[in-house]
Every structure is written in structure tokens, then in C-alpha cells.
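>>> Quick one, what's the 3D model for this:
(one chain, ligands or ions: 1)
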Amino acid sequence: MSIRLMEATDVPIVAAIEEQLFSSPWAKEDFYHELFNNPFARYYVLEDDQLIKGYIGLWLMGDQCQITTIGVSCDEQGHGYGSQLIEKAIQKSLELHYKNVNLEVRVSNRKAIALYQKYEFKNVAVRKNYYENHEDAYLMIKELEG
Ligand SMILES: CC(C)(COP(=O)(O)OP(=O)(O)OC[C@H]1O[C@@H](n2cnc3c(N)ncnc32)[C@H](O)[C@@H]1OP(=O)(O)O)[C@@H](O)C(=O)NCCC(=O)NCCS
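Residues are numbered from 1 along each chain as shown. Next comes the predicted model:
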């Protein structure tokens, strides 16, 4: 298993996984935009047996890391890949001496919330009507030593 920076040639595979996972998936162009036009963005893919199993997007800004997206392909969930990706975000944030790692998650997304709680992210706020379908989001933060 390895985690490496996402490259342009990975985007079609990542976008296909994204489409399996999300009701409003990002298009390939959204990922290209992040890779080429957003100086704060760092996107990673997780490979095992030379196949991409998952990905994570980070915005590294100021003194905090925002997780913009995380996904593990449907057939590959429950094998620890999501945990490895979160650990990558935390490790990167520690290297940069950031104060925290944060993200927004649908209040109904039990699996993802369980993953974040495993790494001691705390619910700090509810963002009302955050998603297109008016669902609320939790803002979850993991404080770091900084
Ligand atoms: C959330 C997601 C990335 C987790 O990836 P994963 O590879 O399945 O995660 P892991 O196998 O590392 O499991 C991590 C933790 O999630 C929780 N979890 C896993 N499967 C679960 C399930 N079926 N029900 C509840 N919690 C579950 C557990 O706490 C688990 O830790 P443990 O195995 O040590 O107990 C994956 O489910 C996914 O891609 N979901 C769709 C996209 C998504 O919702 N992204 C988050 C947007 S904010």
C-alpha cells in the first residue's frame, strides 16, 4: 500500500470512484482545477496492488488543514484504506505544525463520522442547510499540538 500525490493521469479513475460514492460528485474538471489552479490544494491517491483504491483532498492554508474530500471505492471499503488516508492528512498537518485538521460531513454519514471520531475529531458546529438537498453538515475538528 502506498499514498502518493495525485497526478493528472489519475483523475479519470478518481472521478469514476467519486461518481460511485457521492450524490453530487465532482467532475474531472473539478479535480483538474484543484491540481493545476489551486495553490493550497494537495490531493493524494492510495494504491494497493498497483490499483487506486481511494483518495483524499486537502487544502493547506494558514495554520490549518481542511479535508475537502475523501473516498474509498465501494468494493474496497472496510479494509483500513480510509484510516490510512486520514492518517496521511494528520501526518502532513503535524509536519507543517498546523493547529488543526477540519472538515464538513453530512449529519447522516454514519460511516464517515465513525472514521473521524476514531481519530478524535470533535463536532464543533452544525452548518444548517449546507448541502444541495438542504441536509445539515457537522463541522468536525481535530486539534493538534501545533
Ligand atoms: C468514509 C470512508 C472514506 C471510510 O473508508 P474505509 O476504507 O471504509 O474506512 P476504514 O476501513 O479505514 O474504516 C475506518 C472506520 O470507519 C468506521 N466504519 C467502517 N465501516 C463502517 C460501517 N459499516 N459502519 C459504521 N462505521 C464504519 C469504523 O470506525 C472504522 O474503524 P475500525 O475499522 O478501526 O473500527 C468510505 O466509507 C467512503 O468512501 N464513503 C463514501 C464517501 C464519503 O462519505 N466520504 C466522506 C465525505 S465527508
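>>> which stretches of the protein form helices?
Using DSSP state H, the helices assigned to the chain run over residues 11-21, 28-37, 81-95, 110-118.
>>> To the ligand, which of the ones you listed lies closest?
Taking Cβ to the nearest ligand atom as the measure, the helices of the chain were each checked against the ligand, and helix 81-95 came out nearest at 2.3 Å. (C-beta placed from N, C-alpha, C; glycine too.)
>>> ok now the closest one, how far from the chain's centre?
10 Å (Cα atoms, centre = their mean, to the nearest Å).
>>> buried residues in it?
Residues of helix 81-95 classed as buried under the neighbour-count rule (16 or more other Cβ atoms under 10 Å) are Y81, G82, Q84, L85, I86, K88, A89, I90, K92, S93.
>>> right, and the fifth one touches Y119 too?
Yes. Proximity of I86 to Y119 meets the contact threshold set by Cβ atoms under 8 Å, at 5.3 Å.
>>> could you dump the helices of the chain to a markdown table with mean pLDDT?
A markdown table is the format used below for these (pLDDT from 0 to 100):
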| stretch | mean pLDDT |
| --- | --- |
| helix 11-21 | 98 |
| helix 28-37 | 98 |
| helix 81-95 | 98 |
| helix 110-118 | 98 |
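>>> Output these as JSON lines; include the columns distance to Q50.
Compiled in JSON lines, these are given as follows (distance: least, Cβ to Cβ, whole Å):
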{"stretch": "helix 11-21", "distance to Q50": "12"}
{"stretch": "helix 28-37", "distance to Q50": "21"}
{"stretch": "helix 81-95", "distance to Q50": "15"}
{"stretch": "helix 110-118", "distance to Q50": "25"}
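>>> report the longest strand in this structure, please.
When the chain is parsed with DSSP state E, its longest strand is strand 51-61.
>>> got the residues of the chain near the ligand?
Taking Cβ under 6 Å from any ligand atom, the part of the chain that reaches the ligand is made up of 21, 70-72, 77-83, 105, 109-112, 114-115, 118.
>>> Tell me the buried residues within these.
I70, G71, V72, Y81, G82, V105, A112, L115.
>>> Greatest separation within those residues: which pair is it?
The largest separation in those, counting by Cβ to Cβ, is between Y81 and V105 at 17.5 Å.
>>> Before I go, just wanted to say thanks for your time.
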